[in-house]
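Colleague: Build me a model from this:
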Amino acid sequence: MTKDLTAGNPAKLICMFSIPLLIGNLFQQFYSMVDTAIVGRFVGVNALAAVGATGSMSFLIVDFVIGLTAGFAIPIAQTFGANDKDKMRHYVAMSIYLSIALSIVVTILAVCFAKPLLELMNTPVDIIDDAYTYIVIIFAGLCTTVLYNMVAGVLRSIGDSKTPLYFLILSAILNVILDLVFILKFQMGVAGAAYATVISQGISGVLCLFYAIKRYKILHLTAEDFRYQSGSIYKLLRLGFPMALQYSITAIGIMVLQSAVNSLGSTVVAAYTAASKVEQLALQPFKTLGITMATYTGQNLGAGKMERIKKGVTSGMVICTICCIISGLMIFFLGDALVGLFITPSPEAMAVIETSREYLIAVVPFLIPVGAIFIYRNSLQGLGEGLITLIAGMIELVSRCIVALFFTSTLGYTAIYLATQAAWLSAGVFLVIVYYVKMKKGRFISC
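Modeller: Numbers count the residues shown, from 1 in each chain. So this is what the prediction gives:
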């Protein structure tokens, strides 16, 4: 079930590796949408707005964790590509140390600062209590997020993109069942949705871990693998922290944007929440390709095949462009219907749908720049260029914040989608230019 991405047709390998990832990401997005839809339909629009108001905070913390564990996976992919299994197992062991420490520190900080962050973001008074209830439960369960993403990252590094999919599907099904039980039967409101997410992901992570240990002998670690080496810890952090910070910087920009949205009232918050869910669904093919490109470039760098990396990245961008067209058509023709899933029909719901449509139609032409972000950013990450991706995140942050902070008061809701357009375009152009400059020089350091 492991897959060597250093031999064979790059385009075919990228597609075959990406398909299970895409299905998994769609299921992950699905159960996130189910949370929102059940809350919006059975608890109310204010509850929908409360969950939506926490979206950027969740993005900030959860994606920091995801970025860090993804960074830890890069040396594992590189050493697997170089056929150095002993060193690969050592990096897995050091990643376990770091992941445990990460879970403890981030969980404590996130729970302590949840309420102040909601207040700082101008969360409307009528939804702030529900928002706090939801997000503090999600943050308290961060260890489940760390567990699943660490195991999934290791498996993808050795070429197995199917196993994480199977357990993600299980998590999605469990989440739906628990949502219905906690919200409809036990009337737990937004807290029920949060508990459903944490429990389902925890079960998925534990089962994925046990399966990986049983299935792969190359992942059977010994006491020697766990011998602490500061140099290995440094290499993991050198790749993990820039990726985590890049994710977090993007999230900070979205938090600023969410603050601007919050200032426009609960109806606009609900509309932006629903539109964001549809947007995230449309972005899943790009995120999938990004994960694939990090593994692909990491393995091929370890094998010393630079020309193959160039061919693979070009193929990845062609596939991404096709996905952009499909996603754009989905938003254009199905956007209203998808937004309608989150709310019970009513006069207020029609205002939410119309406001959501305005945002979605505005971002469709900018799907190719955001697709380029995922392809070139993750390719550079696989090549060990963490600092470059961090700079790209800062460019995205500055672009989004300038528009959101300085134009919302005059342009209102229009500034919200202009901020997204500016962020995607500026970061995408920067990454494309830097990638080609770096590839021309051809100096990368393999682990």
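Colleague: Thought residue 107 was touching residue 64, still the case?
Modeller: No - taking CB atoms under 8 Å as the definition, residue 64 is not a contact partner of residue 107, at 11.7 Å. Quick note: C-beta positions are derived from backbone N, CA and C, even for glycine.
Colleague: Tell me which of these two has more neighbours.
Modeller: Set residue 64 next to residue 107 and count neighbours by other CB atoms under 10 Å: residue 64 wins out with 23 against 19.
Colleague: Tell me how far that one lies from residue 87.
Modeller: To residue 87, residue 64 is 27 Å away according to CB to CB, to the nearest Å.
Colleague: And for the spatially most central residue of the chain, nearest residue in space, chain neighbours not counted?
Modeller: Residue closest to the average C-alpha location in the chain (CA atoms, centre = their mean): residue 63, at 5.7 Å. Spatial nearest neighbour of residue 63, excluding adjacent residues (CB to CB, 6 or more residues apart in numbering): residue 247 at 4.0 Å.
Colleague: average model confidence for the helix or strand hosting that neighbour?
Modeller: Following DSSP states H and E, one finds residue 247 within helix 230-262. For helix 230-262, mean pLDDT is 83.
Colleague: tell me what it is packed against?
Modeller: helix 55-81, helix 85-120, helix 266-302, helix 367-382, helix 386-411, helix 414-441 (3 or more CB pairs under 8 Å, 6 or more residues apart in numbering; DSSP states H and E).
Colleague: Count the residues that sit near residue 126.
Modeller: Using other CB under 10 Å: residue 126 sits among 12 other residues.
Colleague: Same question for it, what's its three-state structure.
Modeller: Judged by DSSP: H, G, I helix; E, B strand; the rest coil, the three-state class of residue 126 is coil.
Colleague: gap between it and residue 363?
Modeller: Distance, residue 126 to residue 363, using CB to CB: 28 Å.
Colleague: Also residue 298?
Modeller: 30 Å.
Colleague: neighbour-wise, which of those two wins?
Modeller: Neighbour totals were compared for residue 298 and residue 363, and residue 298 leads with 32 against 20 (other CB under 10 Å).
Colleague: Leaving out sequence neighbours, find the closest residue to the more buried one.
Modeller: Using CB to CB, 6+ apart, the nearest residue to residue 298 is residue 77, at 3.5 Å.
Colleague: what does residue 237 give?
Modeller: residue 98 (7.2 Å).
Colleague: The helices and strands packed on helix 230-262: which one's closest to residue 320?
Modeller: Nearest to residue 320, of all these, is helix 367-382, at 4.2 Å by CB to CB.
Colleague: Pull that closest one out as PDB, backbone CA atoms only.
Modeller: Output of helix 367-382 as PDB, limited to C-alpha atoms (Å, rounded to 0.1, in the frame of the first residue of the first chain):
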ATOM      1  CA  LEU A 367      -9.800  30.200  -8.100                       C
ATOM      2  CA  ILE A 368      -6.800  29.800 -10.400                       C
ATOM      3  CA  PRO A 369      -4.600  32.100  -8.200                       C
ATOM      4  CA  VAL A 370      -5.600  30.200  -5.000                       C
ATOM      5  CA  GLY A 371      -5.000  26.900  -6.800                       C
ATOM      6  CA  ALA A 372      -1.500  28.100  -7.700                       C
ATOM      7  CA  ILE A 373      -1.000  28.900  -4.000                       C
ATOM      8  CA  PHE A 374      -1.600  25.200  -3.000                       C
ATOM      9  CA  ILE A 375       0.500  23.700  -5.900                       C
ATOM     10  CA  TYR A 376       3.600  25.900  -5.600                       C
ATOM     11  CA  ARG A 377       3.500  26.500  -1.800                       C
ATOM     12  CA  ASN A 378       3.300  22.800  -1.000                       C
ATOM     13  CA  SER A 379       5.900  21.900  -3.700                       C
ATOM     14  CA  LEU A 380       8.300  24.400  -2.100                       C
ATOM     15  CA  GLN A 381       7.500  22.900   1.400                       C
ATOM     16  CA  GLY A 382       8.400  19.400   0.100                       C
END
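Colleague: So which elements touch it?
Modeller: helix 55-81, helix 230-262, helix 266-302, helix 306-340, helix 386-411, helix 414-441.
Colleague: ok, now which ones touch residue 6?
Modeller: Residue 6 makes contact with 81, 299, 300, 302, 303, 305, 308, according to CB atoms under 8 Å, 6 or more residues apart in numbering.
Colleague: Next, give me the two most distant ones among those residues.
Modeller: Spatially, the most separated pair among the contacts of residue 6 is 302 and 308, at 11.8 Å (CB to CB).
Colleague: Comparing the two, which shows the higher neighbour count?
Modeller: Under the neighbour definition other CB under 10 Å, residue 302 and residue 308 were set side by side, and residue 302 has more, 24 against 20.
Colleague: The more buried one reaches residue 88, doesn't it?
Modeller: No - at 9.6 Å, residue 302 and residue 88 do not qualify as touching, with contact defined as CB under 8 Å.
Colleague: Now for those two: what residues contact both?
Modeller: By the contact definition CB under 8 Å, 6+ apart, residue 302 and residue 88 are jointly contacted by 79, 80.
Colleague: where are the low-confidence patches of this protein?
Modeller: Within the chain, the segments meeting pLDDT under 70 span 1-3, 28, 31-32, 35, 344-345, 347-348, 443-447.
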